[in-house]
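[1] Sequence isn't available, so here's the structure alone:
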């Protein structure tokens, strides 16, 4: 029997200061929807809300329930606000200060514990799996007499990526159906259904239209930071010691929303999470690895925005699956999905989902490319990427090594052959093989096609038009993998052209990319400004992949250079600190942030390729490789508690930035944690 995983934020170790607003929690529903907020109970981002529902296209993800203002009324009438919104940008309000005793994750789910005058109240938030439903559970653990709980829901039906001043231009209509309530708003959206499951619950209808709620992180990021919320009134109930109440909000039909009680939903979700840990096996016996398994679960979803895709998969007896690249604002990205697949799905024993994801993306191969991303609420992907398609080969190789699923491999094989053929002939965005040396050139004005993809308007921050080091490492790896698969399926004669093309690419790569002066690899050759000699992390892929393109004589100096110039406790810098464009902090408005995005900013996912490269050079040093991961253990209590951020500042103290939970960050740390275990 597995014991519960507990991660406590204790105020004896963590003073209740501004820091508590910077720590955030996240619960997801397996559809791409989520609930999230600050530990303090104050919404600080446009993306914060208690129910951000994943709706079918063209709606996408919509903030349906923004906040619930909670007030605990003690005997004698004293009202203790537990959570509320910020209304004054000059002050950092913390309504629970003095009574919030503890915040913890229990099997990855958030729990708050409030104490006041001998009363102890516990709150939990749960999203039943594969439902757009949130359940907020309250239980009075201790108290000599009854207390009153007042809950005022506040909402603004708003696409989650729209600014907080998105107009409230449609009236909200409250419909009462006995002890059930429906709120209708914008056309095309389902109503929000509300029910307080408690002893003698009541709703006092008292419409409240509150202006200028302040969202501090939006202000820091240079976006509109003042928005409005509407409330239909407030729920009320009494709690006795040991008694409980639950506010349930949903966009699902009543029959689904109320099909299970909150207590049963909690038990079922706990059982589901324990099964995930059992599926991952004994290789994740350490608590940190087990927490990473639960963090990984947040990104594996069944997309609701593409029902046609689901119907097509079901007709063939399959399921549709994908990976959310990061919370809160990313959708599913091809590159991130392929890099993350092994850590999220294969290391955790979720082979069925991994196969579904690969087959889903194989369906979208167009002109030798897989989609770079699926925009929010859209059913068609965008294809502006040179590396996602080549990562597809690596992901399929890892899947086949774990599962031996030759049927999936055979079904996808024609698509892989078409990818190589299109690259040789030339495909979209200037992606083509140079016949002179067998290396891949990419680039088209106005596009950034590699993972260093920051772009503001017409400004491409890190232009890499030419022959990029990681693109060609991935190209060689793809050729060698396809060569092996074709040899097994069709024989030596069919595989020979691929072997010859791969050998040409290998020789050209080592001749062109090795920088004898600096003793590491050029990041780009044949670029618009010649060869790029700065130290960037992309070169580790020339060593880390299944088939390393870099000759052995060059591997140790490359790994040493990356370790010296780029390694931090939480990943690799995207640029060496001595470079003219180096930016030590990722902060400010969008122009300032994107100027720093790949110009020094640390990326957590890059620790994975670095660990792989390290072990290729130092195969017996698993203990040393494990040390490169240890900085992520303490990070688990920063930013998104229980997950790993997208990026970090380039200089100490390596402040976490960007998304609070990033798929490839979690995936690569989990994969390498297992790989470096005893």
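    Received it, and whenever you're ready, just let me know what you need. Only a predicted model underlies this, so the values are computations on that prediction, with no experimental measurement involved.
[2] For the spatially closest residue to residue 510 that is not a sequence neighbour, grab the count of nearby residues.
    Leaving out its chain neighbours, the residue that sits closest to residue 510 by Cβ to Cβ, 6 or more residues apart in numbering is residue 551, at 5.0 Å. (C-beta placed from N, C-alpha, C; glycine too.) Counted with other Cβ atoms under 10 Å, the neighbours of residue 551 add up to 13.
[3] what does the model give residue 551 for pLDDT?
    Here the pLDDT value assigned to residue 551 is 98.
[4] again, but for the one 4 residues further on
    Looking at residue 555, its pLDDT stands at 98.
[5] I'd say it and residue 613 touch.
    Yes. The criterion here is Cβ atoms under 8 Å, and residue 555 meets it with residue 613 at 7.3 Å.
[6] Now the common contact residues for the two.
    residue 543 (Cβ atoms under 8 Å, 6 or more residues apart in numbering).
[7] ok, these two, which is more surrounded?
    residue 613 (26 against 17).
[8] Going by residue numbers, what spans are strands in the stretch 201-350 of the chain?
    202-214, 226-239, 244-250, 300-301, 322-323, 326-327 (DSSP state E, counting those that start in this stretch).
[9] Just the helices from the stretch 151-300 of the chain, written as ranges.
    In the stretch 151-300 of the chain, the helices defined using DSSP state H, counting those that start in this stretch lie at 216-220, 254-257, 262-280, 287-297.
[10] Make JSON lines out of the ones you listed and add mean neighbour count and distance to residue 383.
    Putting these into JSON lines (neighbours: other Cβ atoms under 10 Å; distance: least, Cβ to Cβ, whole Å) gives the following:
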{"stretch": "helix 216-220", "mean neighbour count": "17", "distance to residue 383": "31"}
{"stretch": "helix 254-257", "mean neighbour count": "14", "distance to residue 383": "36"}
{"stretch": "helix 262-280", "mean neighbour count": "16", "distance to residue 383": "33"}
{"stretch": "helix 287-297", "mean neighbour count": "22", "distance to residue 383": "27"}
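[11] Could you measure from the residue nearest to residue 510 over to residue 169?
    To residue 169, residue 551 is 63 Å away according to Cβ to Cβ, to the nearest Å.
[12] hang on, the earlier thing: a markdown table please, covering the helices of the stretch 151-300 of the chain and showing distance to residue 153.
    Below are those laid out as a markdown table (distance: least, Cβ to Cβ, whole Å):
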| stretch | distance to residue 153 |
| --- | --- |
| helix 216-220 | 22 |
| helix 254-257 | 15 |
| helix 262-280 | 16 |
| helix 287-297 | 28 |
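[13] Of all the ones you listed, which one is nearest residue 55?
    The closest of the helices of the stretch 151-300 of the chain to residue 55 is helix 254-257. By Cβ to Cβ, the value is 14.6 Å.
[14] Let me see the residues that make contact with the closest one.
    Contacts for helix 254-257 (Cβ under 8 Å, 6+ apart): 131, 133, 180, 193, 195, 248, 250.
[15] Show me which pair in those is furthest apart.
    By the measure Cβ to Cβ, 131 and 180 form the most distant pair in the contacts of helix 254-257, at 16.7 Å.
[16] of the two, who's got more company?
    Using other Cβ under 10 Å as the criterion, residue 131 and residue 180 rank with residue 131 on top: 21 against 16.
[17] What strand or helix carries the more buried one?
    According to DSSP states H and E, residue 131 maps onto no helix or strand at all.
[18] can you check the one 3 residues further on too?
    Under the assignment given by DSSP H and E, the secondary-structure element containing residue 134 is strand 133-142.
[19] relative to helix 262-280, how tilted is that strand?
    Counting by axes from the mean of the first three to the mean of the last three Cα atoms, to 10 degrees, strand 133-142 lies at 110 degrees to helix 262-280.
[20] Give me the neighbour count for residue 502.
    22.
[21] After the helix or strand containing it, which helix or strand is next?
    For residue 502, the host element (DSSP H and E) is helix 492-513. Toward the C-terminus, helix 492-513 is succeeded by strand 514-515 as the next helix or strand (DSSP H and E).
[22] in its sheet, what does that following strand sit against?
    Partners of strand 514-515 in the sheet, by DSSP bridges, are strand 520-521 (antiparallel).
[23] I would like the residues contacting the helix or strand that the partner strand is followed by, please.
    Reading on from strand 520-521 to the C-terminus, the next helix or strand found by DSSP H and E is strand 524-527. Residues outside strand 524-527 that contact it (Cβ under 8 Å, 6+ apart) are 434, 439, 441, 464-469, 512-513, 531-532.
[24] residue boundaries of the helices in the stretch 301-450 of the chain?
    For the stretch 301-450 of the chain, the helices defined by DSSP H, counting those that start in this stretch occupy 307-315, 334-341, 351-363, 388-403, 406-425.
[25] Pick the most deeply packed of those.
    Greatest average neighbour count among the helices of the stretch 301-450 of the chain goes to helix 334-341 (a mean of 28), per mean count of other Cβ atoms under 10 Å.
[26] how far off helix 406-425 does the helix holding residue 502 point, in degrees?
    Helix 492-513 and helix 406-425 are oriented at 50 degrees to each other (the same axes, to 10 degrees).
[27] ok, residues contacting helix 492-513?
    Contacts with helix 492-513, where a contact means Cβ under 8 Å, 6+ apart, come from 420, 424, 437-439, 467, 469, 472-473, 475-476, 479-480, 482-484, 486-487, 521-522, 525-526, 539, 542, 549-551, 554.
[28] List only buried entries from those.
    420, 424, 437-439, 467, 469, 472-473, 475-476, 479-480, 482-484, 486-487, 521-522, 525-526, 539, 542, 549-550, 554 (16 or more other Cβ atoms under 10 Å).
[29] thinking again about what came up before, out of the contacts of strand 524-527, flag the one nearest to residue 147.
    residue 464 (60.7 Å).
[30] thinking again about what came up before, mind listing which of the buried ones among the contacts of helix 492-513 are in strands?
    467, 521, 525, 526 (DSSP state E).
[31] Tell me which two in those residues are the farthest apart.
    Largest pairwise distance in those, by Cβ to Cβ, is 14.0 Å, between 521 and 526.
[32] can you list the weak-confidence ranges in the protein?
    1, 10-18, 84-98, 211, 455 (pLDDT under 70).
[33] Run a quick neighbour tally on the residue lying closest to residue 519 once chain neighbours are set aside.
    Among residues not flanking residue 519 along the chain, residue 557 sits closest, at 4.6 Å (Cβ to Cβ, 6+ apart). Other residues near residue 557 number 15, with proximity taken as other Cβ under 10 Å.
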